[in-house]
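Q: how does the following fold in three dimensions:
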Amino acid sequence: MKLFSPRFFISHREIQIPSIRFYFSGVSCSIILPKISRLLNKLLYKFGLGFSLNRYENSWTIYSSVSDKKLYKNFSKNSIFCNFGSGAFYHNLWKNYDYRGQSKYYRALQGVEGHDFSHIDLCSEDLFIPEKDQSVSLIYCSHTLEHITVNAAKRFLKECLRILKPSGVMRIVLPRTSTNFYYLSLLENQYLNTEHKNSIARLSAYDVLSGTEDLQNDDLWSLIKESEFDANKFYQLAKEKGISCDFDANNADKHVSFWNYERLIEFSKSLGFAKCIPLYRGSSFVKPFSNLNVFDTTEPHFSFYTELIK
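A: A predicted model of the protein is given here:
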């Protein structure tokens, strides 16, 4: 299989998965719908129906598993696919790994430990992913790296390289913090409500480093201007001022590390990945990731996408 053949590169515009989407205001807080969705997947996927929840847009989707299965026709029946930081994700063909939920709601999203997902602490200094060398075909990791330390990310990516098959693909989705800070630079001198500008600044800063939420508005803007609206510089300056970038087991949702394409390329190259390719939502070097009913659903308007190829 030639991963870099132009014919193999696909876009979500080329593959349509028939689906019906329903919107409920309670999806983002329900502890029942995740259980129902997983159960229906287990019972009906082989008969033509797949189900997915999106707590970020309060939607529940029914899609054609017949069309979805066709996306996997280039893979053997024994192929292994792993999702790290899986959350509410569930797909009959995929293995889920996630940090054990701290709230009742998040535990409901994950399902039953040891059955619907396997607990893994990506910040463990002795991290070992329980998969054999060169045994995994695809890895998906969406909005997870920013929640673990830089050193932990190095160990994790090294483990992913170990378990991936030759030419295996790891898709990574992260907050587009650099773009957010560029937007802030465009807003600074325009006439906007101060409350509105502060709100955007706080959201942008939080995506880089969650500890900045404790800063006063004036201090936050001072730090943003000192960084010259560069998200990476902002992250470094915030660390120098003592804002924590450590993983907190009791608040695993915090953003503690900064990522952009340049850093991912640097990391992946140093670890031994062959390529680190910037992509768009739904575009991929492998067809399964084109099913936007299950992939790239986490805050797509605030995300950037890349694929590491072994």
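
Q: if you count contacts, what does the helix or strand containing residue 308 end up packed against?
A: Assessed by DSSP states H and E, residue 308 sits inside strand 303-309. The contact analysis (3 or more CB pairs under 8 Å, 6 or more residues apart in numbering; DSSP states H and E) places strand 303-309 against strand 164-175, helix 261-271, strand 275-279. (Glycine included, C-beta is placed from N, CA and C.)

Q: would you turn those into a markdown table with mean neighbour count and mean pLDDT?
A: Output for those, formatted as a markdown table (neighbours: other CB atoms under 10 Å; pLDDT from 0 to 100):
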| stretch | mean neighbour count | mean pLDDT |
| --- | --- | --- |
| strand 164-175 | 21 | 97 |
| helix 261-271 | 16 | 95 |
| strand 275-279 | 18 | 95 |
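
Q: can the ones you listed go into CSV with extra columns for distance to residue 128?
A: Converted to CSV, these look like this (distance: least, CB to CB, whole Å):
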stretch, distance to residue 128
strand 164-175, 15
helix 261-271, 16
strand 275-279, 24
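
Q: out of the ones you listed, which is closest to residue 115?
A: Shortest distance between residue 115 and these, using CB to CB, is found for strand 164-175: 24.7 Å.

Q: identify the residues contacting that closest one?
A: Here strand 164-175 makes contact (CB atoms under 8 Å, 6 or more residues apart in numbering) with 1, 3, 134-143, 145-146, 157, 160, 207, 255, 259, 264, 273, 284-286, 289, 295-296, 298-299, 302-310.

Q: what strands line up against that strand, and which way round?
A: In its sheet, strand 164-175 lies beside strand 136-142 (parallel), strand 303-309 (antiparallel), with partners assigned from DSSP bridges.

Q: quick one, domains of this structure?
A: Segmentation of the chain into domains, based on automatic domain parsing, reads 19-176+251-309, 178-240.

Q: the strands in this structure, which residues?
A: Along the chain, the segments classed as strands by DSSP state E run 19-23, 49-54, 59-64, 80-84, 95-98, 118-119, 136-142, 164-175, 275-279, 303-309.
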